[in-house]
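Colleague: Generate a structure from the sequence data that follows.
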Amino acid sequence: MPEVDLSIIILNYNTKNTTIDCLKSLIPFLDPTIECLVLDNGSSDGFYNHAKKLFANTKNITFIRSVKNLGFGGGNNLAARKSKGNYFLFLNSDTLMQKNIFSQTLDHLKSHPDTIAVSCSLRNPDNTLQVNGGYFPTVPRVLFWQTFIDDLPIISSILKSIHPHGGNFNLVNKFFKGFSLYSDKPSHASPLQERDWLTGAYLMISKLDFLKAGGFDPDIFMYAEEMELCFRLKKTGRKLFILGDFSIIHLGGVSSGPTLAISGEVKGMLHFFKKHHPSSLGVVKMIFFIGSLLRLLIFGIIKNDAKARDAYKQILFDLT
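Modeller: As a prediction, the model looks like this:
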């Protein structure tokens with residue numbers, strides 16, 4: 001049998017139908033050099049037994065189970081330890097493959113020794129682009145983000161934001177028409193885009209580099225774990241790129257609600273500063289407290305958004 005070159009790692013957490021759709025979309029593009037490991041991450045949706053029967057005759061897909069939900073990082077670390085490939089592709093379960101981009105993205109990573117990790121363009125179901133990745137948190141960047149300064153048209157074009165805006169970003173829409181994590185769309189995909197960190201929906205890296213970096217930080221349960229990993233990867237002096245010519249569909253936010261997404265990201269950011277910039281942690285906590293109060297007032301109270309109200313109340317509770 002040929003050597004396994006690429007291990008595709010997918011987690012399922014109570015997203016049975018979404019994960020099955022993801023697997024069905026990528027099966028046509030598997031070959032003997034690619035394995036797919038699917039970890040059922042402490043789910044209660046019956047995915048593990050159902051999927052094992054459904055894909056019993058499908059080669060190259062292996063299902064493993066964790067009784068406990070290990071989170072995004074911990075679950076991926078467990079699956080990585082059981083993999084055979086020389087390269088890893090961490091692929092979200094809420095993605096759909098339209099074309100075979102595995103070999104192209106892998107070839108780019110192999111042929112560019114100055115590159116340590118790559119991603120691809122992420123698209124909404126209507127084929128519009130999503131923002132992918134961004135720049136590492138610093139005290140000024142957190143301040144500009146939490147006080148809406150990096151939303152200003154002139155400022156946003158100058159700053160390298162933690163979450164860069166897409167080309168269609170409109171400040172008025174953000175405050176008056178509502179917004180979501182995946183509605184801020186770039187106007188086009190450049191062939192090669194360098195970022196500090198890449199979104200974990202499609203993240204490809206060599207097994208050797210992943211293990212040298214120590215894998216995902218298991219202390220980050222969900223959100224910001226790929227950013228923290230990329231911080232350690234970039235310390236090698238090598239680069240991370242989005243390969244804009246290749247894309248997948250990313251549904252976004254399927255396995256978690258908005259409250260978990262917002263509060264989870266803040267927790268992940270605080271862990272990042274505690275681990276890598278401990279002297280700035282107190283200032284960053286204060287900035288997040290002020291930013292969450294602003295958002296609670298604007299989105300939770302003035303706009304009467306119950307989900308936003310719950311999310312920012314949770315953050316304020318966690319910060320006190």
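Colleague: Name the residues that touch the biggest helix by length in the chain?
Modeller: Counting residues, the longest helix found in the chain (DSSP state H) is helix 258-276. By CB atoms under 8 Å, 6 or more residues apart in numbering, the surrounding residues in contact with helix 258-276 are 137, 142, 180-181, 217, 219-225, 227-228, 231, 253, 256, 280-281, 284-285, 288, 292, 307-308, 310-312, 314-315, 318. For every residue, glycine as well, the C-beta is placed using N, CA and C.
Colleague: For the protein, name the helix or strand with the lowest mean pLDDT.
Modeller: Ranked by mean pLDDT, DSSP states H and E, the weakest helix or strand in the chain is helix 171-176, scoring a mean of 59.
Colleague: Which residue ranges of this protein form helices?
Modeller: Under the criterion DSSP H, the chain contains helices at 16-26, 47-54, 71-81, 102-111, 139-146, 153-158, 171-176, 207-213, 225-234, 258-276, 281-295, 306-319.
Colleague: chain center to the fifth one, what's the gap?
Modeller: This points to helix 139-146. On the basis of CA atoms, centre = their mean, to the nearest Å, helix 139-146 sits 20 Å off its chain's mean C-alpha point.
Colleague: that older thread, now distance to Pro2 and mean neighbour count too, for the helices of the chain, in JSON lines please.
Modeller: Output for the helices of the chain, formatted as JSON lines (distance: least, CB to CB, whole Å; neighbours: other CB atoms under 10 Å):
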{"stretch": "helix 16-26", "distance to Pro2": "19", "mean neighbour count": "19"}
{"stretch": "helix 47-54", "distance to Pro2": "24", "mean neighbour count": "16"}
{"stretch": "helix 71-81", "distance to Pro2": "21", "mean neighbour count": "22"}
{"stretch": "helix 102-111", "distance to Pro2": "14", "mean neighbour count": "16"}
{"stretch": "helix 139-146", "distance to Pro2": "45", "mean neighbour count": "18"}
{"stretch": "helix 153-158", "distance to Pro2": "48", "mean neighbour count": "11"}
{"stretch": "helix 171-176", "distance to Pro2": "50", "mean neighbour count": "12"}
{"stretch": "helix 207-213", "distance to Pro2": "17", "mean neighbour count": "16"}
{"stretch": "helix 225-234", "distance to Pro2": "28", "mean neighbour count": "22"}
{"stretch": "helix 258-276", "distance to Pro2": "38", "mean neighbour count": "19"}
{"stretch": "helix 281-295", "distance to Pro2": "48", "mean neighbour count": "17"}
{"stretch": "helix 306-319", "distance to Pro2": "48", "mean neighbour count": "17"}
